[in-house]
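Novice: Compute the structure for the input listed below.
(one chain, ligands or ions: 1)
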Amino acid sequence: MTSTVDTPLQSDIDSARRAYELDRMHVFHSWSAQDLLDPMVISAAEGSHVWDGEGNKYLDFSSQLVNTNIGHQHPAVVAAIAAQAAKLCTIAPSYVNEARSEAARLIAERTPGELNKIFFTNGGADANEHAVRMARLHAGRQKVLSAYRSYHGGTQLAINITGDPRRWPNDNGSTGTIHFFPPYLYRTVFHSTTEEEESQRALEHLEQLIEFEGPSTIAALILESIPGTAGIYVPPAAYMQGVRALCTKYGIVFIADEVMAGFGRTGKWFAVEHFNVVPDLLTFAKGVNSGYVPLGGVAISPEIAATFGKRVYPGGLTYSGHPLATAAAVATINAMEREGIVEHADLLGGTVIGPALAGFAARHKSVGEVRGKGVFWAIELVRDRETREPLAAYGSSSPEMNQLVAACKSRGLIPFANFNRIHVVPPCNISVDDLEAGLAILDDVLDIADGLVP
Ligand code: PLP
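Specialist: Predicted coordinates:
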């Protein structure tokens, strides 16, 4: 008998158990109290599915950390990595490399406006680190504005510009970072009743903050084009255009963080396209090669690139533009183009996820709001629709949310949950059948949620 992912051999199961034991002995996990963990072993993955160490199959509605935009083990990307590995595994950033040059071309062609120069990093946090550093050197100013309810990464500067509770225990070097309130009508701090009011008031708040901080001291404003982990709250186009105008007015570098929203997730190559906005710097990672090999980067405007035309850019990484990572990006982008994956994501949002979630909101009293675009959606769960009291407090989980996550897993679905929200973020190329099967599980689990609220 041969082993398949659905029917693993006893030796495969034993290996998985051994991996678990070694993990618990030696692996130090991110964002966790180590002794309280019981991580799932993933032994195999394909497309929108993963298999645990015992051979159980799950539909991956999380795309891991919202990065497998083309699903797991896409054959073209796996082949491209293998071919690049056979040819040239690694080369320092100072040399020209075919895979890196081609990846830069493909990315530059897809970013909006004239963001035609690409600085490669190892992931999203360091992309934001470098974007802020470029902005500070370009502007000759220090401060950085960033939104509450945002996430920009886990390195020191990136965690300081982050606007969610992951910043709090790390907030010891945030001099020069100022947070502002973005528009978020469902939980408005501006007492707005319409999206127009919310947008207008959020822009007034931002302009006042700029004036009170001193425009001549502010280097950059960083904003997720559509905030991801913080709640997939899609900003009004007028707000994004207003932010662009304020940055231009005050000479502030506008950095759009597209680490999670970019590369097809929202049904466009980049989420800023929904708002007709061109930032000065655009950061990306995750979907650029679906995370098959770590890669991120900054797409740079001609003005900022020119600052470093004759002047040295004082930053770099040993693996900037790593051949394995950039070969994976070339294959990913080409596959996305060839297979119409961005268009598919757009279609799924409009014809399957959007209508299904609207149905959830109508049928389930535990659902406060649903929102999103493409394959980037959030279901916000509440104890009470009137008061909008969340099913888990801001910055924490709750027994009810844990119960719902467990209920998804026991039904063969891996969800993405954060605080009081479940995000619907499957691969951009998930089939309609798989998507509908996953949504049916969520519908079922929301019945449980309804039973948990008064
Ligand atoms: N920016 C955003 C919007 C993100 O969602 C993330 C990660 O989730 C990051 C930055 C950090 O990226 P990385 O984990 O690759 O450093």
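
Novice: Which SSE is immediately downstream of the helix or strand containing Gly242?
Specialist: Element membership for Gly242 (DSSP states H and E) is helix 237-250. Next along the chain after helix 237-250, taking DSSP H and E as the criterion, comes strand 253-257.

Novice: Take the helix or strand just after that following strand, keep the C-alpha atoms, and write them as PDB.
Specialist: Downstream of strand 253-257, the next assigned helix or strand under DSSP H and E is strand 281-284. Provided in PDB are the C-alpha atoms of strand 281-284 (Å, rounded to 0.1, in the frame of the first residue of the first chain):
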ATOM      1  CA  LEU A 281       5.500  54.000  -1.900                       C
ATOM      2  CA  LEU A 282       3.600  50.800  -2.000                       C
ATOM      3  CA  THR A 283       4.700  47.800   0.100                       C
ATOM      4  CA  PHE A 284       3.900  44.200  -0.700                       C
END
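
Novice: Which strands and helices lie in contact with strand 281-284?
Specialist: helix 124-139, strand 253-257, strand 296-300 (3 or more C-beta pairs under 8 Å, 6 or more residues apart in numbering; DSSP states H and E). Yep, even glycine has a C-beta here, placed from its N, CA and C like the rest.

Novice: Give the pairing partners of it; include direction for each.
Specialist: strand 253-257 (parallel), strand 296-300 (antiparallel) (DSSP bridges).

Novice: Ok, which of the ones you listed comes nearest the ligand?
Specialist: Comparison of the strands paired with strand 281-284 against the ligand by C-beta to the nearest ligand atom identifies strand 253-257 as nearest, at 4.7 Å.

Novice: Geometrically speaking, which residue is the centre of the protein?
Specialist: Met260 (2.1 Å; C-alpha atoms, centre = their mean).

Novice: How about Trp239, nearest residue that isn't a chain neighbour?
Specialist: Not quite, residue 239 is Tyr, not Trp. Ser199 (4.2 Å; C-beta to C-beta, 6 or more residues apart in numbering).

Novice: Extract the CA atoms of the helix or strand hosting the one you found and return them as CSV.
Specialist: Using DSSP H and E, Ser199 sits within helix 195-213. Presented in CSV, the C-alpha positions along helix 195-213 are these (Å, rounded to 0.1, in the frame of the first residue of the first chain):
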residue,chain,number,x,y,z
GLU,A,195,-20.2,56.9,5.0
GLU,A,196,-19.9,60.4,3.6
GLU,A,197,-20.0,61.9,7.1
GLU,A,198,-17.5,59.3,8.4
SER,A,199,-15.1,60.0,5.5
GLN,A,200,-15.4,63.8,5.8
ARG,A,201,-14.9,63.8,9.6
ALA,A,202,-12.0,61.3,9.5
LEU,A,203,-10.3,63.6,7.0
GLU,A,204,-10.9,66.7,9.2
HIS,A,205,-9.5,64.8,12.1
LEU,A,206,-6.4,63.8,10.1
GLU,A,207,-5.8,67.3,8.8
GLN,A,208,-6.1,68.7,12.4
LEU,A,209,-3.6,66.1,13.6
ILE,A,210,-1.2,67.1,10.8
GLU,A,211,-1.5,70.8,11.7
PHE,A,212,-1.1,70.2,15.4
GLU,A,213,1.9,67.9,15.0
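
Novice: and for it, what are the contacting residues?
Specialist: Outside of helix 195-213, the residues within contact range by C-beta atoms under 8 Å, 6 or more residues apart in numbering are 143, 145, 178, 180-185, 188, 190, 192, 218, 235-236, 238-239, 242-243, 246, 250, 252.

Novice: Next: stretch 162-181.
Specialist: 31, 142-154, 156-157, 159-161, 189-190, 202, 205-206, 209, 213, 229-230, 394-396.

Novice: And that stretch, what's buried?
Specialist: Going by neighbour count (16 or more other C-beta atoms under 10 Å), the buried part of stretch 162-181 is Thr162, Gly163, Asp164, Arg166, Arg167, Ser174, Gly176, Thr177, Ile178, His179, Phe180, Phe181.

Novice: so Ile333 sits right up against Leu106, yeah?
Specialist: Yes. The criterion here is C-beta atoms under 8 Å, and Ile333 meets it with Leu106 at 4.6 Å.

Novice: how close does Ile70 sit to Val288?
Specialist: Taking C-beta to C-beta, to the nearest Å as the measure, Ile70 falls 11 Å from Val288.

Novice: about what we covered before: of the contacts of stretch 162-181, which ones also sit close to the ligand?
Specialist: With C-beta under 6 Å from any ligand atom as the criterion, the contacts of stretch 162-181 include Tyr151, His152, Gly153, Gly154, Thr229 near the ligand.

Novice: Looking at the contacts of stretch 162-181, which are in strands?
Specialist: Lys143, Val144, Leu145, Ser146, Ala147 (DSSP state E).

Novice: Need the nearest residue in space to Ile81, chain neighbours excluded.
Specialist: Nearest to Ile81 is Ala328, by C-beta to C-beta, 6+ apart, at 5.3 Å.

Novice: er, Val41 I mean
Specialist: Per C-beta to C-beta, 6+ apart, closest to Val41 is Gly53, 3.4 Å.

Novice: Now do the same contact list for the one you found.
Specialist: Gly53 neighbours (C-beta under 8 Å, 6+ apart): Pro8, Asp12, Ile13, Ser15, Ala16, Arg17, Ala19, Tyr20, Met40, Val41, Ile42, Ser43.

Novice: Any figure for the gap between it and Arg18?
Specialist: If you go by C-beta to C-beta, the gap between Gly53 and Arg18 works out to 9 Å.

Novice: and what of Thr387?
Specialist: Thr387 is 49 Å from Arg18, by C-beta to C-beta.

Novice: Please compare those two by neighbour count and tell me which comes out ahead.
Specialist: Arg18 (12 against 9; other C-beta atoms under 10 Å).

Novice: Can I take it that Asp23 is in a strand?
Specialist: No. Under DSSP: H, G, I helix; E, B strand; the rest coil, Asp23 sits outside any strand and is assigned helix.

Novice: what's the pLDDT at the residue nearest to the centre of the chain?
Specialist: Met260 carries a pLDDT value of 98.

Novice: Ala147 too?
Specialist: 98.

Novice: Just give me the neighbour total for it.
Specialist: 27.

Novice: and what of Gly291?
Specialist: Gly291, neighbours per other C-beta under 10 Å, totals 23.

Novice: Many thanks, we can stop here.
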